[in-house]
Every structure is written in structure tokens, then in C-alpha cells.
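**Student:** The following block contains a protein sequence and its predicted model.
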Amino acid sequence: MVCGGFICTKNALCALNIVYVLVGLLLIGVAGWGKWLDLVSSIRVVAGVIGVGIFLFVVAFVGLCGALKHHQVLLFFYMIILFIVFVVQFSVSCACLALNKEQQNHLLEVGWNKSEATQKDLEKTLDCCGFLSVPVNGSCAARCFHNPQMTCDTCSDIIQRYAGDVLRFVGGIGLFFSFTEILGVWLAHRYRNIKDPRTNPGAFL
């Protein structure tokens, strides 16, 4: 049977969803590992990553069950959900790639002011203090702040050195996965409209 038939499309859709399952489990594992090692103290960040991992796992599981059973309803809902995810992810990825320096700085400052736990994580990891200015009488989790022989850079200066590269990397990865999602939508649509040769084998001879 040529590739593009029932079996080939089924195997391709199953393989794609197995990859999604592994990515979902990886996100859940990395978030849990980061929290367990106290690399990330922000519950919101950990919960967000775990939530994305669980969502991806559930969607992939639905797609996998639909592909294995050739279940029309499951495949339909899988197509709809995956297409919505594609639209959102494609938009966010394009936005990441299109942000200029001023917009990056504004988003970084908004994110910085939202969570004290995230501030402490960044200060400890990057060894910096404050966002735009080093606090004189305030507290800081960075090593340099407690060492009189060292001078602390602001976190804004350090983050901005890598923000552009990180956004381009995230945008590129997002675009890559968005195209795999539209591939999944196309495969699911094609697979739904192909007859199962087991129901009428003579029609495919």
C-alpha cells in the first residue's frame, strides 16, 4: 500500500501524538524537577508549565486513541483543539519574533513587578539586584549584594543582553511546533475520510 493510504496515515498520526505525549511528560518532569531542586520558587511558573504539559498530554492521548480506533468523534475534537492551539501558538511565536527592544523592556518590567518569587529567583540565578536600580536599603537574594567587595548589576541590564536571543529561540521553537500541529490537523482530517480496509477489504484490492 502506498504511503498516504489508511495504514501509513494512521502510523504517521500515532507517531506524531507519541512525540506530543513525550513532550508533555517532559514539561511536567522538568517543572517538578525544578521545584524539587528549588531552582524555581514561583508556584505560578511551575503550575503553568505543568498545566501546559498536562494539556498537551491529554490532547495527544485523545489523538492517539482516535487514531488507533479510527474514532470519528475523537478525531473531530482532536482536530478542532489542535487547530485552536495552532492559531494561538503561531500568533504568540510571531509576536516573539516581532518584538522590538522597547516592547521587550516593557514586557520584562511588567513580568518583574508581578511576582516577588520570580524576582528572587532571577536575582539568585543571575547574581543581580533590582530591575532598573540596585536597592540600597532593600533586600536582595544575589550573592554580590552581601559581599562588600563586589558590585551588583541591575537585572534589567543582564536580562536585556539575552532577551532578544531567548525570544528568537522561543519564537523559532514555537513556529516549528505550530507547523507540526497543522500537520496533525491535516493528518487527522485525511484519516477521518479514509475508509478502513478491514470493513470492506475487497474495495482496496
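**Tutor:** Here it is on my side, so go on.
**Student:** State the mean pLDDT of the helix or strand where residue 188 lies.
**Tutor:** Element membership of residue 188, judged by DSSP states H and E, is helix 155-192. Averaged across helix 155-192, pLDDT comes to 86.
**Student:** Just list what that helix packs against, helices and strands only.
**Tutor:** Under the contact definition 3 or more C-beta pairs under 8 Å, 6 or more residues apart in numbering; DSSP states H and E, helix 155-192 sits against helix 6-36, helix 43-69, helix 72-98, helix 101-114, helix 116-126. C-beta: built from backbone N, CA, C; applies to glycine.
**Student:** Mean neighbour count and mean pLDDT for these - can I get that in JSON lines?
**Tutor:** What follows is the helices and strands packed on helix 155-192, written out as JSON lines (neighbours: other C-beta atoms under 10 Å; pLDDT from 0 to 100):
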{"stretch": "helix 6-36", "mean neighbour count": "16", "mean pLDDT": "86"}
{"stretch": "helix 43-69", "mean neighbour count": "17", "mean pLDDT": "87"}
{"stretch": "helix 72-98", "mean neighbour count": "16", "mean pLDDT": "90"}
{"stretch": "helix 101-114", "mean neighbour count": "13", "mean pLDDT": "79"}
{"stretch": "helix 116-126", "mean neighbour count": "17", "mean pLDDT": "78"}
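**Student:** for these, which one sits closest to residue 175?
**Tutor:** Ranking the helices and strands packed on helix 155-192 by proximity to residue 175 (C-beta to C-beta) places helix 72-98 first, at 4.6 Å.
**Student:** Contact partners for residue 57?
**Tutor:** 20, 21, 24, 25, 28 (C-beta atoms under 8 Å, 6 or more residues apart in numbering).
**Student:** now for the residues you listed, which pair is the farthest apart?
**Tutor:** 20 and 28 (12.8 Å).
**Student:** gap between stretch 153-170 and the chain center?
**Tutor:** 19 Å (C-alpha atoms, centre = their mean, to the nearest Å).
**Student:** How about that stretch, which residues are buried there?
**Tutor:** 153, 154, 155, 156, 159, 163, 167 (16 or more other C-beta atoms under 10 Å).
**Student:** Among these, which one lies nearest to residue 13?
**Tutor:** Nearest to residue 13, judged by C-beta to C-beta, of those is residue 167 at 31.8 Å.
**Student:** Now do the residue nearest to that closest one when sequence neighbours are not counted against residue 172, distance only.
**Tutor:** Leaving aside its sequence neighbours, residue 167 sits nearest to residue 96 (C-beta to C-beta, 6 or more residues apart in numbering; 4.6 Å). Note on residue 96: its distance to residue 172, by C-beta to C-beta, to the nearest Å, is 9 Å.
**Student:** Please apply the same query to residue 111.
**Tutor:** From residue 111 to residue 172 the distance is 21 Å (C-beta to C-beta).
**Student:** Also residue 26?
**Tutor:** Distance from residue 26 to residue 172, counting by C-beta to C-beta: 18 Å.
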